[in-house]
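Asks: got a predicted structure here, sequence first:
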Protein chains: 2
Amino acid sequence: MVSFYKEYDHHLVALDCIIFGFDEGELKLLLLKRKFEPAKGEWSLMGGFLGKSESLDEAACRILNQLTGLSNIYMKQLSAFGDVDRDPGARTISVAFYALIKIDENDRLLAENHGAEWVSINELPVLIFDHSKMAEKALEALRRRTSREPIGFELLPVKFTLPQLQSLYESICGELLDKRNFRKQILETGLLVKLEEKDKESSKKGAYLYKFDHNKYNSYVEKGFLFQLKVKSGHIIKGNNSILD
Amino acid sequence: MVSFYKEYDHHLVALDCIIFGFDEGELKLLLLKRKFEPAKGEWSLMGGFLGKSESLDEAACRILNQLTGLSNIYMKQLSAFGDVDRDPGARTISVAFYALIKIDENDRLLAENHGAEWVSINELPVLIFDHSKMAEKALEALRRRTSREPIGFELLPVKFTLPQLQSLYESICGELLDKRNFRKQILETGLLVKLEEKDKESSKKGAYLYKFDHNKYNSYVEKGFLFQLKVKSGHIIKGNNSILD
DNA sequence: GCTTTAAGTGTAAATATTACACTTGTAATA
DNA sequence: TATTACAAGTGTAATATTTACACTTAAAGC
């Protein structure tokens, strides 16, 4: 490709992935111990560098795939991070993405491959560089998006129970919800399909399994139907004057 | 700075600014005719390249300042755009920011300096590269943000009337609002200060001028108070499956 | 002083949200 | 096999929020 812009600076561009999962009633992030300098051995998000002939989205998917072996994962760009000294290794612009994965299907691959570990968002260690900031922003973004899009289902198995779903929403928004109101609200959307099967893992009585009706949701979206769940943002972030969203 | 990452590709990083203004009852974007190749003479957003020793935020502010002469402007990062062929001039990653400015104070500087022009968002021309997509995303982001933060005031003069404010909100959300409900809602926040003066530009009777109470708002934010205006997102964007927010 | 124009004002009906407690089914155990 | 323990499942009334709606007021222009 011919460049018309030869006189301008070129930069390293990195991708970092904030990978959310839900397990044992807790929202978790997939973290790993960095295997190279600088900051070798410290906790970090999964990351990598942008190649010449891949888009940001492609690169983010590639990196997620390298770590988890997964593709076709729910993933959204969070933001670009570009402070001059954010990475002591070199001036690097990082574009952060967050991904939602169904832990059950995948935890095997992970731990073995890369020394990756699922850590509860309530017990996050200090992360390298500005990765803690990225994780915090990703959680805020997840909360906001959860209130306007039915993305919780990306974090649960295809078949799930209402108590599981409620627990997930409670983890995301950081507060307890009323069981009856929650069930009423979520069932009213008409987007859940009740199955005959029950899950007996967590109670003697067993809880009915449901599926999310993706087709119905897509047709609702086409018609201009808006999914709205009253998910509060948890605690407000005080004095947040960042130019970043 | 020593680089630990020598083997990775380096990229041009651009900044593009979606600059919103409000004038003559319409929400507008500041566009300019591109003055260099490629795509010389076509409509474009204001942009520039990231330098070695400036952060993304600093660079975005610098570029906005070059065009408008303004600083201390409300500005938020929108997203990074990184398709391989998005700019035919060279592989370039662009980080887009949107800014809200008070047109009245500034329109002089603009037109004269750079052949820039305010164009209604309802009459946008085709823009170069992926700038139309950026503008569309920025408008969506503005709508969402307007519903949870009192940013409309960034687009109005310091002193403004309630009919002006309502007209602005109508432009942003793309539908007409009920006058009494709007006034009730906005006054209930307690964030507007009524002045003794009237503005007589748009009616014989004249409309009272108000100011936004930034201090009070900041103290509310500290206390965890949430600004919430019911601004609908206008029309839903159909089949939006982009990995981008 | 009559007309025109936009500003300004309140209430009742409808809808949405919240708070709240008992019954059911099953497995484990006495 | 009866009892206990546990989480699943279910409905309603009170409250709060949102919506719809129409006339009066002030001042300029004729």
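Replies: Yep, that arrived. Numbers count the residues shown, from 1 in each chain, chains lettered A, B, ... in the order given.
Asks: any regions of chain A where pLDDT drops low?
Replies: Low-confidence segments of chain A, defined by pLDDT under 70: A:1-3, A:105-108, A:110-112, A:231-245.
Asks: and the end-to-end length of stretch A:202-217?
Replies: By CA to CA, to the nearest Å, the extent of stretch A:202-217 from end to end equals 29 Å.
Asks: mind listing the helices for chain A?
Replies: For chain A, the helices defined by DSSP state H cover A:56-68, A:107-114, A:131-146, A:162-173, A:179-188, A:214-223.
Asks: for residue A:99, which of these is the nearest?
Replies: Proximity of the helices of chain A to residue A:99 was assessed by CB to CB; the nearest stretch is helix A:56-68, lying at 5.5 Å. No exception for glycine: its C-beta is placed from N, CA and C like everyone else's.
Asks: all strands for chain A, in order.
Replies: Along chain A, counting by DSSP state E, strands occupy A:10-23, A:26-33, A:43-44, A:46-49, A:74-81, A:92-100, A:116-120, A:160-161, A:192-199, A:207-212.
Asks: reformat these as a markdown table; add distance to chain B.
Replies: Listed next are the strands of chain A as a markdown table, based on distance: least, CB to the nearest CB, whole Å:
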| stretch | distance to chain B |
| --- | --- |
| strand A:10-23 | 4 |
| strand A:26-33 | 17 |
| strand A:43-44 | 14 |
| strand A:46-49 | 4 |
| strand A:74-81 | 4 |
| strand A:92-100 | 5 |
| strand A:116-120 | 21 |
| strand A:160-161 | 23 |
| strand A:192-199 | 21 |
| strand A:207-212 | 16 |
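Asks: just name the most buried of the ones you listed.
Replies: Highest mean neighbour count among the strands of chain A (mean count of other CB atoms under 10 Å in any protein chain shown): strand A:92-100, with a mean of 25.
Asks: can I get it as CSV, trimmed to CA atoms?
Replies: C-alpha atoms of strand A:92-100 as CSV (Å, rounded to 0.1, in the frame of the first residue of the first chain):
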residue,chain,number,x,y,z
THR,A,92,2.0,1.5,22.9
ILE,A,93,-1.6,2.3,22.1
SER,A,94,-3.8,-0.4,23.4
VAL,A,95,-7.3,-1.0,22.2
ALA,A,96,-9.3,-2.9,24.8
PHE,A,97,-12.1,-5.4,24.1
TYR,A,98,-14.3,-7.2,26.4
ALA,A,99,-15.6,-10.7,25.8
LEU,A,100,-18.3,-12.8,27.4
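Asks: which strands and helices lie in contact with it?
Replies: Identification of packing neighbours for strand A:92-100 by 3 or more CB pairs under 8 Å, 6 or more residues apart in numbering or on different chains; DSSP states H and E yields strand A:10-23, helix A:56-68, strand A:74-81, helix A:131-146, strand B:92-100.
Asks: select, out of the strands of chain A, the one closest to residue B:175.
Replies: Distance to residue B:175, taken as CB to CB, is lowest for strand A:74-81 among those, at 27.2 Å.
Asks: what's next to that closest one, contact-wise?
Replies: The contact list for strand A:74-81 (CB atoms under 8 Å, 6 or more residues apart in numbering or on different chains) reads A:16-18, A:56-57, A:60-61, A:64, A:93-101, A:130, A:133-134, A:137-138, A:141, A:145, A:151, A:154, A:244-245, B:56, B:77, B:79-80, B:95, B:243-245.
Asks: sheet partners, orientation included, of it?
Replies: strand A:92-100 (antiparallel) (DSSP bridges).
Asks: now the partner strand against strand A:10-23, angle please.
Replies: Strand A:92-100 and strand A:10-23 are oriented at 20 degrees to each other (axes from the mean of the first three to the mean of the last three CA atoms, to 10 degrees).
Asks: so how far is strand A:92-100 from its chain's centroid?
Replies: Offset of strand A:92-100 from its chain centre (CA atoms, centre = their mean, to the nearest Å): 11 Å.
Asks: check contacts around the residue nearest to residue A:51 when sequence neighbours are not counted.
Replies: Distances taken as CB to CB, 6 or more residues apart in numbering or on different chains place residue B:9 nearest to residue A:51, at 5.7 Å, with adjacent residues excluded. Neighbouring residues of residue B:9 by CB under 8 Å, 6+ apart: A:12-13, A:49-52.
Asks: and residue B:9, how far from DNA strand D?
Replies: Counting by CB to the nearest atom of the strand, to the nearest Å, the gap from residue B:9 to DNA strand D is 50 Å.
Asks: can you check residue A:203 too?
Replies: Residue A:203 is 3 Å from DNA strand D, by CB to the nearest atom of the strand.
Asks: give me the neighbour count for that residue.
Replies: 11 (other CB atoms under 10 Å in any protein chain shown).
Asks: just to revisit the earlier point, now render the helices of chain A as CSV, adding mean neighbour count and distance to residue B:109.
Replies: As requested, those are exported to CSV (neighbours: other CB atoms under 10 Å in any protein chain shown; distance: least, CB to CB, whole Å):
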stretch, mean neighbour count, distance to residue B:109
helix A:56-68, 20, 34
helix A:107-114, 14, 53
helix A:131-146, 20, 34
helix A:162-173, 20, 45
helix A:179-188, 13, 51
helix A:214-223, 13, 43
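Asks: make TSV from these and add distance to chain B to it.
Replies: As requested, those are exported to TSV (distance: least, CB to the nearest CB, whole Å):
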stretch	distance to chain B
helix A:56-68	3
helix A:107-114	19
helix A:131-146	8
helix A:162-173	14
helix A:179-188	19
helix A:214-223	6
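Asks: for residue B:165, which of those is the nearest?
Replies: Smallest distance to residue B:165 across the helices of chain A (CB to CB): 24.7 Å, for helix A:131-146.
Asks: is it true that residue A:38 touches residue A:88?
Replies: Yes. The criterion here is CB atoms under 8 Å, and residue A:38 meets it with residue A:88 at 5.3 Å.
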